[in-house]
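Engineer: Turn this into a structure:
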Amino acid sequence: MNLGSAVVRLRGLSGNVAKRGGEAIQRLLAAPAARRLAGTRAGVCFVVSGGPEQLYQARQWLWSLERLAEATAIDLGGVQLLARHPVVARSLANETTLPVVYAKTTRAVANVLGEGTLVALYPNQATLNFQALAARRPAHVHLSHGESEKVSMISNQLKAYDEVFTAGQAARERLSRHLIGFDQGHCRDVGRPQLDEPRVPPHELAPTTSRTVLYAPTWEGDSPSMAYSSLAPAGINIVDQLLAAGRRVIYRPHPQTGTRDRATSLADAAIVRRLREAGPEHLVDRGPELGWQWDAADECVLDLSAMAYDALTTDKPLVVYRPGRQAGVEAGGLLDHVTTLSGNAAGVVREALVEASGPERRAATAKLARYHFGAADHGSSIVRFIDATRAVATERSAALLAQAAARRTGEEN
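Structural biologist: Residues are numbered from 1 along each chain as shown. Purely as a prediction, here's the structure:
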């Protein structure tokens, strides 16, 4: 059973697909990426176990993976993507030149992660990751999809991976504080490679002479402890005050906004209406590209999510919304060092932006950037990511050779 069996298995579903997403699978069969899979053996496999709603988590790694593939084409055989959902596989095949494998069954997953794969990379904590973790040959590395202090970032599930690629010192110390028995020796700091990606603003971004504010709230979360969003309690007030202050607003809601909570969905729709009525200089940004927003913005109003931590590296005034008591908030964390909003944020946004622009706050965010990401020189994170992946692969290759030698010795004795 060769690597193409992941696609062959998919073909075997064709008799029943009409009832369950069949059209998506049939389109996947016709995709050019599917036709170039046969015989592919890559030393690094990026495992995408979630469904379409988590696709944004994989997308933000595509540029970094393509640079990794270029750097390791000779010594490691490059990079391939393994998707567990047909729509995700099809979407990724349209967005990257890297080979994409759709693997529905655990047998197909085991085949993809078999001979040749030295490192498996994971962008999230999807439940199906644990089927891939059963493969004994590769080193399993958790990447996550951003640095933050959300409670999801300190899951005990991280102990299941051989390595964790952390952004910097803050992440390592956070894991050690909250996970009993977690060994920081399993962490490798790689910074935030996404911040090194070329940044091209969309053509929809109109010129303006106004100061530009990026308002990028996170989603409502799937539990009370993950309720970090400012949208329902304060989003409309925040945008109204920005407009009244003469700011141009770039509104970038989280891709999953409104999927779990009607009040959040209604607030999102109301903000979109307000911005459209306010004129074409304002932008509702739901695109997959991330990075140009930092160049376009003069100021940032954000929630406690990866966006806020990325903003630390920009030297832009930063205001962060403090969520309600039910949300898990790190004592002594980001919210204790930056200007914050809370409650319904009525009448305080302009004052908060002024405070965030002061020299003390700007110095504090610069210090936090070093704590969370280490060296912030442009281009340094992607180098660290490539070097860390290559190091893991080299160590795993040596361990496999040693294991094989020990087995031969045992058989001879």
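
Engineer: tell me which element residue 201 is part of?
Structural biologist: Using DSSP states H and E, residue 201 maps to neither a helix nor a strand.

Engineer: number of nearby residues for it?
Structural biologist: 15 (other Cβ atoms under 10 Å). No exception for glycine: its C-beta is placed from N, CA and C like everyone else's.

Engineer: ditto for residue 122
Structural biologist: 25.

Engineer: Equivalent analysis for residue 398, please.
Structural biologist: Residue 398 has 10 nearby residues by other Cβ under 10 Å.

Engineer: try residue 402
Structural biologist: Here the number of neighbours of residue 402 (other Cβ under 10 Å) works out to 10.

Engineer: What of residue 380?
Structural biologist: Counted with other Cβ under 10 Å, residue 380 comes out at 18.

Engineer: Let me see the contact set for it.
Structural biologist: Applying Cβ atoms under 8 Å, 6 or more residues apart in numbering to residue 380 gives the contacts 191, 196.

Engineer: Now it. Its backbone dihedrals?
Structural biologist: When read as degrees, to the nearest 10, the backbone of residue 380 gives phi -80, psi -30.

Engineer: quick one, what contacts the nearest residue to residue 146 once chain neighbours are set aside?
Structural biologist: Using Cβ to Cβ, 6 or more residues apart in numbering and skipping the chain neighbours, the partner closest in space to residue 146 is residue 306 (2.6 Å). Residue 306 makes contact with 145-148, according to Cβ under 8 Å, 6+ apart.

Engineer: Go again with 10 Å.
Structural biologist: Listed by Cβ atoms under 10 Å, 6 or more residues apart in numbering, the contact partners of residue 306 are 60, 144-150, 153, 167, 192, 194, 216, 218, 254, 290.

Engineer: so residue 92 sits in a helix?
Structural biologist: Yes - checked against DSSP: H, G, I helix; E, B strand; the rest coil, residue 92 lies within a helix.

Engineer: Run a quick neighbour tally on it.
Structural biologist: Quick note: residue 92 (other Cβ under 10 Å) scores 24 neighbours.

Engineer: thinking it is in contact with residue 57, fair?
Structural biologist: No - the pair residue 92 / residue 57 is not scored as a contact, 11.7 Å apart, by Cβ atoms under 10 Å.

Engineer: per-residue confidence at the residue nearest to residue 146?
Structural biologist: Confidence at residue 306, expressed as pLDDT, is 92.

Engineer: Next, the nearest residue to residue 59 once chain neighbours are set aside: phi, psi?
Structural biologist: The shortest distance from residue 59 to any non-neighbouring residue, by Cβ to Cβ, 6+ apart, is to residue 288 (5.0 Å). Main-chain torsions, residue 288, degrees, to the nearest 10: phi -80, psi -20.
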